[in-house]
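In: Following is a predicted model, sequence given first.
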Amino acid sequence: MRRKPIVRWRCLSLLPFCLAVSAQVTPANQTAPQGPVSYSSVNQLNSLLSQLEQASQSAQADLGKLRVERWKTDSRTKRQAEGNVESIQRNLQTALPEILAELRAAPENLVSTFKLYRNLDALYDVFQSVAESTGAFGSKDEFQSLENDVSALEKSRRSVAERVETLAGAKEAEVNQLRVALQNAQASANSQPPKKIVVDDTAPPKKPVKKKPATKPGPITEVPPSKPQ
């Protein structure tokens, strides 16, 4: 199977933008809060992840049936193939489910989506190598099963690459809108003359305090003495 690098290179062309966004995003082990996500976006992601999980389960089952020890080749090639098989199985059982959980918690997180693409890209490389070795040294049935798994993995990889491109375009448009809004706000602020504030620090004159006039005592009247009885 010849590899089709079109989507890969289109996605990798977005890498500088993705890295710029990731510098402002919460680390992967801390899910950043997101705004409302459209139903169509969530539905697309759920369909993609469901197909990917089915492909993962099928691949794990086929790899478990693989008998590398029966291959008609040298021991060095067998050891390398067995190591690759173990690496793929560990990824499908541990790393991949963790990334899928991140995406379900934040469906439009660009960094997590790109992380999924990179993981699938690495899986595809190793899986294709194992499938080719199986076709050369293993049975025809084993090769056909792994070939189907590689095709399913490639389909999911392309879908994730397209989603990365879509999300990157949406984020870039959002940044441009914010930049225009900021420029308009700055232009509006510069066009208005600055307001003058007059500060009067002159203390008002103190009013003289009027004293109340003292009250004069009235005349004292004498009480006549009482007559004796």
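Out: Thanks, I have it.

In: Which helix or strand lies directly C-terminal to the helix or strand of the chain with the lowest mean pLDDT?
Out: Scoring the helices and strands of the chain by mean pLDDT, DSSP states H and E places helix 15-22 at the bottom, with a mean of 42. Later in the chain than helix 15-22, the nearest helix or strand by DSSP states H and E is helix 39-65.

In: what's that following helix packed up against?
Out: In this structure, helix 39-65 makes packing contacts with helix 75-90, helix 96-105, helix 110-137, helix 140-191, judged by 3 or more Cβ pairs under 8 Å, 6 or more residues apart in numbering; DSSP states H and E. Bear in mind the C-beta positions are built from the backbone N, C-alpha and C, glycine included.

In: close enough to count as contact, Ala44 and Leu167?
Out: For the record, residue 44 is Gln, not Ala. No - with contact defined as Cβ atoms under 8 Å, Gln44 and Leu167 do not form a contacting pair (10.9 Å).

In: In this structure, where is pLDDT below threshold?
Out: Using pLDDT under 70 as the threshold, the predicted model of the chain has low-confidence ranges 1-35, 193-229.

In: 50 instead, please
Out: When the per-residue scores of the chain are filtered using pLDDT under 50, the ranges that remain are 1-33.

In: before we move on, back to that, and Gln44 and Leu167? which has more neighbours close in?
Out: Taking neighbours as other Cβ atoms under 10 Å, Gln44 and Leu167 compare with Leu167 leading, 21 against 16.

In: who are the neighbours in contact with the more buried one?
Out: 108, 110, 113 (Cβ atoms under 8 Å, 6 or more residues apart in numbering).

In: do you know how far the second one is from Ser139?
Out: If you measure Leu110 against Ser139 using Cβ to Cβ, to the nearest Å, the figure is 42 Å.

In: before we move on, the earlier item: save the helices and strands packed on helix 39-65 as TSV, and put in distance to Arg67 too.
Out: Written out in TSV, the entries for those read as follows (distance: least, Cβ to Cβ, whole Å):
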stretch	distance to Arg67
helix 75-90	10
helix 96-105	24
helix 110-137	10
helix 140-191	7
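
In: ok, how many other residues are close to the residue nearest to Gln51 when sequence neighbours are not counted?
Out: Computed as Cβ to Cβ, 6 or more residues apart in numbering, the closest residue to Gln51 that is not its neighbour in sequence is Ser156, at 6.0 Å. Number of residues near Ser156 (other Cβ under 10 Å) recorded here: 22.
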